[in-house]
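A.B. asks: What shape does this take:
(one chain, ligands or ions: 2)
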Amino acid sequence: MTDLRLAPRTGREVRVRAPGKVNLSLRVGPRRADGYHPVATVFQAVSVYEDVVATAADDISVSASGPQADLVPTDDQNLAVRAARALAARTGIADGVHLHLHKGVPVAGGMAGGSADAAAALLACDAFWGTGLPREELHEIAAELGADVPFLLMGQTAVGSGRGDLLTAAMSRGEYHWAFGVRESGLSTPAVYGEFDRLHPGRDRLEADGDVALLHALRAGDAPALGALLHNDLQDAAVELAPDLVETLSVAEDAGALGVVVSGSGPTVAALGRSRQHALVIAAAMTAAGVADSVLTASGPVPGARVVAGSDVL
Ligand SMILES: C[C@@](CO)(OP(=O)(O)O)[C@H](O)COP(=O)(O)OP(=O)(O)OC[C@H]1O[C@@H](n2ccc(N)nc2=O)[C@H](O)[C@@H]1O
Ligand SMILES: Nc1ncnc2c1ncn2[C@@H]1O[C@H](COP(=O)(O)OP(=O)(O)O)[C@@H](O)[C@H]1O
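C.D. replies: Numbers count the residues shown, from 1 in each chain. Ligands and ions are numbered 1, 2, ... in the order given. Predicted coordinates:
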């Protein structure tokens, strides 16, 4: 038997898990001078995960695995690489790291998989390099990387304002069960916001207080009420760019979903089930009708990015 105490130490790894999200409500105001839109949103983190593993390397590099890994850039455009570089710049660290992304969240699907990678990479590098940044500073870097990144650090349920990066935790009781209809060809977030501008030229303000009833339903753990109140101002724009989504939405509705909505900028369709079993039934209905390239089921809310293991690799 090998004596592990004598084995050479070849590397250390830090493993971080971050969830995807669904916007239970997304209200959008008129485009600002900086190109962003003010939003009022209610995020829920769901149990579809990105697992990011940090190991030693000379430079900062990334690789990806998972069903849609070929759609993920592995250069400096990758949000995990951008996160590592931003943390290195903030802390003056000159070390390298390799980040491997096990992608469970659909790519360009409106469920923020890239943002989850960025949040996970921030935590992974912070632990790997031992920089020990306070949570607020990680949140600041996260907001610079993208509007959705802070929420994937935080997880659970939160109200987002500003660009979606100013967060307040929201109370939520119980567990919500989702079926997701996934498309292979994603939608670009800027393109969907652009289509929103085209469809709503007269929009002059953000309806920021429209989610009182939805937040009440969450506090009460009332899934039927929540289902009826799911809302997405970007849905028409996503449907305009991907008209087949109408069928996906209607198949999920016909399967008895409590509510059906396009997730964020789409094209993933999120359908709320009455139970875990019912979410499986809705997913099966979408598969049988051929209205999604693949389906997922998940529940929420779940925690944000967190270190799940840090170990010496022999
Ligand atoms: C629509 C939402 C809903 O949660 O999520 P996704 O569906 O992309 O996951 C978000 O607003 C997306 O957030 P995120 O994907 O992080 O956006 P960023 O990388 O910061 O911005 C990409 C581009 O989207 C547009 N954008 C983003 C956020 C916002 N509040 N207004 C915008 O107009 C801008 O054109 C921006 O240049
Ligand atoms: N780590 C990453 N994972 C996925 N996509 C990434 C990543 N880094 C950059 N991208 C780019 O961001 C785009 C959208 O990312 P993603 O977060 O998956 O979707 P969405 O913004 O719709 O939630 C992708 O099409 C890809 O070009």
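
A.B. asks: Which stretches in the stretch 1-150 of the chain count as strands?
C.D. replies: Listed in chain order, the strands of the stretch 1-150 of the chain (DSSP state E, counting those that start in this stretch) span 11-28, 39-55, 60-65, 97-103.

A.B. asks: In a markdown table: those, plus distance to residue 149, mean pLDDT and mean neighbour count.
C.D. replies: Any C-beta I mention is one placed from the backbone N, CA and C, and that applies to glycine too. Formatted as a markdown table, the strands of the stretch 1-150 of the chain follow (distance: least, Cβ to Cβ, whole Å; pLDDT from 0 to 100; neighbours: other Cβ atoms under 10 Å):
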| stretch | distance to residue 149 | mean pLDDT | mean neighbour count |
| --- | --- | --- | --- |
| strand 11-28 | 10 | 96 | 25 |
| strand 39-55 | 12 | 98 | 24 |
| strand 60-65 | 16 | 98 | 18 |
| strand 97-103 | 15 | 98 | 22 |
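
A.B. asks: Next to ligand 1, which bits of the stretch 1-150 of the chain? Give me the list.
C.D. replies: Counting by Cβ under 6 Å from any ligand atom, the residues of the stretch 1-150 of the chain close to ligand 1 are 23, 26, 35-37, 39, 41, 110, 112, 115, 146-148.

A.B. asks: and which of those is nearest residue 251?
C.D. replies: Among those, residue 110 lies closest to residue 251 (Cβ to Cβ), at 18.1 Å.

A.B. asks: and the closest residue to the closest one other than its chain neighbours, how many neighbours?
C.D. replies: Nearest non-adjacent residue to residue 110, counting by Cβ to Cβ, 6 or more residues apart in numbering: residue 264, 3.5 Å away. Residues within reach of residue 264, counting by other Cβ atoms under 10 Å, total 28.

A.B. asks: Work out for me the element residue 264 sits within.
C.D. replies: Assigned by DSSP states H and E, residue 264 belongs to no helix or strand.

A.B. asks: Do I have it right that it meets residue 233?
C.D. replies: No: assessed by Cβ atoms under 8 Å, residue 264 is found out of contact with residue 233, at 10.8 Å.

A.B. asks: shared neighbours of the two, anything?
C.D. replies: residue 26 (Cβ atoms under 8 Å, 6 or more residues apart in numbering).

A.B. asks: just for the stretch 201-314 of the chain, where's the confidence low?
C.D. replies: Applying pLDDT under 70 to the stretch 201-314 of the chain picks out residues 310-314.
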